[in-house]
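Colleague: next comes the sequence, and after it the predicted model I'd like to discuss.
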Amino acid sequence: MSTRALWLVANWKMNGAAATVADYAQAVDEAATTAAEGVTCVFCPPTIYIGHAGKPKRLKLGAQNCHSEKSGAFTGEVSAGMLKDAGCEYVIVGHSERRAEGENDLQVLFKAQAAIAAGLKPIICVGESQADYDANHTTKALGVQLSPLVKLPAGSYLVAYEPVWAIGSGKTPSVLEIGAAHAYIKSVLGSATPVLYGGSVNAGNAREILALSEVSGALVGSASLAVSGMKEIINAARG
Ligand code: PGA
């Protein structure tokens, strides 16, 4: 397991401050140097604080969103090229918290394309709602979100499977359900597509989830906010 490629992504959402971002980046960079071979740790602070993360050695930087256009009259927006310029290598696109604000599947595709064109690796989030899950429509819901993504060049992006009902809820699907959803995503996008799991990942469940052969890492929200939480997840990736 230690030689598999795994991505451990800390999504800070709208949390933190300049000083906490700087301290965290330094501490998690140190922890990342002890991570198992093949593990890439990524820190996605609020965009305004990316510069405060400094220039970590092993820890990679990412953003939580980008615009689909390169530049222009888009007040309040940040382009993928700007994120690259600020030191990012990754960007989360299509997070369900953004989809809830109206972002649709086509916009997610355009953002991913813009990220790739700017030299970033998009981490594209997909996942079914509670209603879809309850109705046994997980595959159907994923199919709709995935269909535009077949246009993207293989190897240029990561996917994060994040059931909406599992985010911030303390609930997770069973390992069988995670394995099945990841296998379905790979059947649509190609078996080599890395698929991370996200939704209430923490130090207690990370080992079991990361042990699944279909899982290429974790997108972690609340449990990533504390250095200790992220360190435990980095350790869990040792298997
Ligand atoms: P959570 O968030 O770990 O707090 O559930 C994950 C995410 O939204 O990416």
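Modeller: Right, received. Where do you want to start?

Colleague: so who does the one residue in the chain that gets nearest to the ligand touch?
Modeller: Relative to the ligand, the nearest point of the chain is residue 221 (2.2 Å; C-beta to the nearest ligand atom). C-betas here are computed from N, CA, C, even on glycine. The neighbours of residue 221, taking C-beta atoms under 8 Å, 6 or more residues apart in numbering as the test, are 11, 13, 167-168, 198.

Colleague: let's have those in TSV, adding distance to residue 129.
Modeller: Formatted as TSV, the contacts of residue 221 follow (distance: C-beta to C-beta, whole Å):
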residue	distance to residue 129
11	19
13	19
167	11
168	14
198	15
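
Colleague: now the two most distant members of those.
Modeller: Using C-beta to C-beta, the two most remote members of the contacts of residue 221 are 13 and 198, lying 11.8 Å apart.

Colleague: the two: which is more packed in?
Modeller: Neighbours per residue (other C-beta atoms under 10 Å) separate residue 13 from residue 198, with residue 198 holding more: 26 against 17.

Colleague: thinking the more buried one is in contact with residue 222, fair?
Modeller: No. Using C-beta atoms under 8 Å, residue 198 makes no contact with residue 222, being 11.2 Å away.

Colleague: tell me the SS of residue 41?
Modeller: strand (DSSP: H, G, I helix; E, B strand; the rest coil).

Colleague: count of neighbours near it?
Modeller: For residue 41, the neighbour count with other C-beta under 10 Å is 25.

Colleague: what secondary structure does the residue lying farthest from the centre of the chain sit in?
Modeller: Largest separation from the mean C-alpha position in the chain: residue 73, at 28.0 Å (C-alpha atoms, centre = their mean). Here residue 73 is recorded as coil under three-state DSSP.

Colleague: ramachandran angles for it?
Modeller: Phi and psi for residue 73, reported as degrees, to the nearest 10, are phi -80, psi 70.

Colleague: what residues does this protein put near the ligand?
Modeller: Within reach of the ligand by C-beta under 6 Å from any ligand atom, the chain has these residues: 11, 162, 167-168, 198-201, 219-223.
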